[in-house]
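>>> For reference, the sequence and a predicted model appear below.
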Amino acid sequence: MMKKTQHTCLLLAIFGFCLAACNSSGGGKKKNSKQPTEESYEPVKPEDHWEGYAEHYMQKEDRNGNFVYDYNLEKTEGEELQKNIHHYLIDQHRTYLHYNQITGAFTHTDIPDGQTKYEMFYTGLISKSNTDREHVWCCADSNNMWRRNNRITEYNMDDGGGPENYWGGGSDIYQLRACTHSVNETRSNYRYVQYTDSNYSTVGDEGPYLLKYNSSRSTCEPADQYKGDVARIIMYMYIHYNSYDNYDVYYSNDYTPTYNPAEAVPQSDTHSPYVCGGLKLSDIMGYSSEDACVSKLKAWNALDGVSPLEIKRNNIVEGYFQGNRNPFVDYPDLVDRCFPNIL
C-alpha cells in the first residue's frame, strides 16, 4: 500500500510540474495580453447559445493575431450587428481564391449529396454541361467591390493576368454559383425584382424551375425556390465588402488581406490597394429605395428557407477554401436583426 501511495504522489508531482511549465510558456502561440476574459465579458450560458455558435463565432483570432472572445452576433442588432458580422467576415476570410480556381471548387461545393453533377443555380437542373460561374452580385453593378486604381473596371477575368484582376468580391465563392451558360447569359447583369405583372420571359434549360427576366427593363426574378439563396448571398456580400468604422481591407504584396495600408501594394498603373466600401443594395436590386431593397430581401429570406446545399457549401467553404462562413446561412434571422426597423 505504501509503494502504491508513493507512486501516486510521484505522478501527481510530475503532472503539477508539467502544468506549471505549460502555463509559464503560454501554452503555444502567444496571444494578445489584453484579450478579454469570460469574467469581463459576461458570457452566454452554453445551453443558451445558438446551435454551432460557440464553435464558429467564438474564441477566434483576428487577422492581426488578437484574441476575439465573441463576435457578438447573438446579443446585437442593427448597425452594431452589421459591424460585428463585417468584422467576423474580414477576420476569418483568410484565403481569397483566384477566379480560375472557382470551377474546380464547384466539384466540392455545388454537388448535392447523393448526386455526381452540379445543381445549377436558378433552375435546379442537375448537370455538368456548359457550366458557368454565375456572379449573384455581378461585376457591372458592384460599385467599389471590384475597384482598382479608383476606377470601376469590367475585368476580362480569363485573360491569364495577375492576381490584381481577381481581388475581393469578384472571386468570393459564396456569391459564385454553378449555372448553365444560357441561363447565366440571359440573366446578364440584370437586377433582382419581383414582378407584379406578367410582362416577362422565362429561361430554364429543362430544369424544374425557371428564371424570369425582362430584357427591356434589365431585371430578373429567381424562382421562389432560390429567392432565399439570393437574399442570403446578397446580404453576405453587402456586409462583407462594405466599410464599417475604418475596418477596411487592403492587399499586401502577396495579395493577402491586411489592415495596414503601409503594408499594401503601392498604388500604380497596375496595382493599388483594394478598399472596401460604397456598396448599396440598390446596386443589385431593382428598387431605388434602400428600404425597399431590404424589405424585399427580408421577404425572400423568409419565403425560402436554407437548403441542404447551402449548409454543405458553408461547411466546405469555411473548412477548405476561405476560412469564413456565411452567417446568414447559419442564422437566417440575422437578416431581420440587421435591419430591425424595416418591414
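Good, I have the coordinates. Numbering: from 1, shown residues only.

>>> CA atoms for contacts and neighbours, from now on please.
Noted.

>>> can you give me the helices in the stretch 1-150 of the chain?
Listed in chain order, the helices of the stretch 1-150 of the chain (DSSP state H, counting those that start in this stretch) span residues 2-25, 38-41, 53-57, 78-92, 102-109.

>>> What residues are bridge-paired with residue 135?
When bridges are called by DSSP bridges, residue 135 pairs up with residue 176.

>>> where are the low-confidence patches of the stretch 101-250 of the chain?
When residues are selected by pLDDT under 70, those of the stretch 101-250 of the chain lie in 142-168, 245-250.

>>> could you redo the last one with a cut-off of 80?
Scanning the stretch 101-250 of the chain for pLDDT under 80 picks out 139-170, 243-250.

>>> quick check, residue 318 in a helix?
Yes - looking at residue 318 with DSSP: H, G, I helix; E, B strand; the rest coil, it is inside a helix.

>>> Who are the contact partners of it?
Under the criterion of CA atoms under 8 Å, 6 or more residues apart in numbering, the neighbours of residue 318 are 324, 325.

>>> same deal with residue 238?
279, 280, 281.

>>> weakest of the helices of the stretch 1-150 of the chain in terms of mean pLDDT?
When the helices of the stretch 1-150 of the chain are ranked by mean pLDDT, helix 2-25 comes last with a mean of 39.

>>> From the contacts of residue 238, which one has the minimum pLDDT?
In terms of pLDDT, residue 279 ranks lowest among the contacts of residue 238, with 81.

>>> Name the SS class of that one, please.
Under three-state DSSP, the three-state class of residue 279 is coil.

>>> Phi, psi for it please.
phi -80, psi 150 (degrees, to the nearest 10).

>>> How many residues are close by it?
Residue 279: 19 surrounding residues under other CA atoms under 10 Å.

>>> My read is that it contacts residue 242, right?
Yes - with contact defined as CA atoms under 8 Å, residue 279 reaches residue 242; the gap is 5.8 Å.

>>> so which helix or strand takes in residue 207?
Using DSSP states H and E, residue 207 sits in no helix or strand.

>>> Was I right to think it contacts residue 119?
No - if you go by CA under 8 Å, residue 207 and residue 119 don't touch, sitting 9.7 Å apart.

>>> joint contacts of these two?
Common contacts of residue 207 and residue 119 (CA under 8 Å, 6+ apart): 125, 126.

>>> more crowded one of these two?
Neighbours were counted for residue 207 and for residue 119 using other CA under 10 Å; residue 119 has more, 24 against 16.

>>> Please name the nearest non-neighbouring residue to that one.
Nearest residue to residue 119 in three dimensions, chain neighbours excluded: residue 126, at 4.8 Å (CA to CA, 6 or more residues apart in numbering).

>>> got the contact list for that neighbour?
Counting by CA under 8 Å, 6+ apart, residue 126 touches 117, 118, 119, 120, 207.

>>> cool, and residue 171?
Residues in contact with residue 171 (CA under 8 Å, 6+ apart) are 96, 97, 98, 99, 102.

>>> Now which of those residues would you call buried?
96, 97, 98, 99, 102 (16 or more other CA atoms under 10 Å).

>>> how close does the residue nearest to residue 119 sit to residue 75?
Using CA to CA, to the nearest Å, we find residue 126 at a distance of 40 Å from residue 75.

>>> ditto for residue 214
Residue 214 is 42 Å from residue 75, where distance means CA to CA.

>>> and those two? which has more neighbours close in?
Taking other CA under 10 Å, residue 214 and residue 75 do not tie; residue 214 has more neighbours (17 against 9).

>>> wait, the more buried one sits on residue 201?
Yes - contact criterion CA under 8 Å: residue 214 and residue 201 qualify, at 6.2 Å.

>>> On the three-state scheme, the residue nearest to residue 182 when sequence neighbours are not counted is what?
Take residue 182 and drop its neighbours on the chain: the residue closest to it by CA to CA, 6+ apart is residue 205, 7.6 Å away. Per three-state DSSP, the local secondary structure of residue 205 is coil.

>>> mind listing what residue 205 touches?
Residue 205 makes contacts with 123, 125, 180, 182, 183, as judged by CA under 8 Å, 6+ apart.

>>> What separation do you get for it and residue 120?
Counting by CA to CA - residue 205 and residue 120 are separated by 10 Å.

>>> Need the residues touching each of the two.
Counting by CA under 8 Å, 6+ apart, the residues touching both residue 205 and residue 120 are residue 180.

>>> which residues sit in contact with residue 192?
219, 220, 221, 222, 284, 285, 286.

>>> Give me the number of neighbouring residues for the residue nearest to it when sequence neighbours are not counted.
Excluding its sequence neighbours, the residue lying closest to residue 192 (CA to CA, 6+ apart) is residue 285, at 4.7 Å. Other residues near residue 285 number 25, with proximity taken as other CA under 10 Å.

>>> Against residue 218, how distant is residue 285?
To residue 218, residue 285 is 11 Å away according to CA to CA.
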